[in-house]
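S.K.: show me the folded form of this:
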Amino acid sequence: MAGSPVERRSSPRSRTLLGAVAREANKRVMWDCEVRNLSEHGARLETANPVWFPQSFELDVPVRQMRLQASIIWRTGRQLGVAFTGGEASPSAIERGELQRLTQEHGRL
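M.R.: As a prediction, the model looks like this:
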């Protein structure tokens, strides 16, 4: 049996299923997406058409009242890996309590 994959993330991630909107800097062009997992420093997004996403964009997650600047790190199929780069709510603005709550919520699922 092979060993466990090496975890390269600098902060724990929580599985989620949150509706979100990605916007270009000019805020005229928008894409619907889902946040499939979330950490303090980034997220995995899923969308119908990831090819059209710009390299950097604003990610708005209304249900969590989060608006973050993000940059794409990787693309695979319909999924995008993004790193949070700052903006209206920087990565540190994701309160530790919220991250803990998400982790506990994930544990109950």
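
S.K.: going forward, measure contacts between C-alpha atoms and count neighbours the same way
M.R.: Noted.

S.K.: report pLDDT for Pro50.
M.R.: Looking at Pro50, its pLDDT stands at 78.

S.K.: got the phi and psi for it?
M.R.: phi -70, psi -20 (degrees, to the nearest 10).

S.K.: contacting residues for it?
M.R.: Shown in contact with Pro50 (Cα atoms under 8 Å, 6 or more residues apart in numbering): Arg75, Gly77, Arg78, Gln79, Leu80.

S.K.: what about dumping the CA coordinates of the helix or strand where Val82 lies to CSV?
M.R.: In the assignment (DSSP states H and E), Val82 maps to strand 79-86. What follows is strand 79-86, C-alpha atoms only, in CSV (Å, rounded to 0.1, in the frame of the first residue of the first chain):
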residue,chain,number,x,y,z
GLN,A,79,-11.6,23.0,-11.4
LEU,A,80,-9.3,25.9,-10.4
GLY,A,81,-6.9,26.2,-7.5
VAL,A,82,-6.6,29.8,-6.3
ALA,A,83,-4.5,31.6,-3.8
PHE,A,84,-5.9,34.7,-2.0
THR,A,85,-3.8,37.7,-2.7
GLY,A,86,-5.5,40.5,-0.7
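
S.K.: filter the contacts of Pro50 down to the buried ones.
M.R.: Arg75, Gln79, Leu80 (16 or more other Cα atoms under 10 Å).

S.K.: can you show me the helices along this structure?
M.R.: 96-108 (DSSP state H).

S.K.: what stretches of it score poorly on pLDDT?
M.R.: 1-13, 87-109 (pLDDT under 70).

S.K.: strands along that one, start to end?
M.R.: 13-23, 30-39, 42-46, 56-61, 66-76, 79-86 (DSSP state E).

S.K.: any idea which of those strands is most buried?
M.R.: Highest mean neighbour count of the strands of the chain: strand 42-46, a mean of 23 (counted as mean count of other Cα atoms under 10 Å).

S.K.: sheet-wise, list the partners of that one with their directions.
M.R.: Applying DSSP bridges, strand 42-46 is found paired with strand 30-39 (antiparallel), strand 79-86 (antiparallel).
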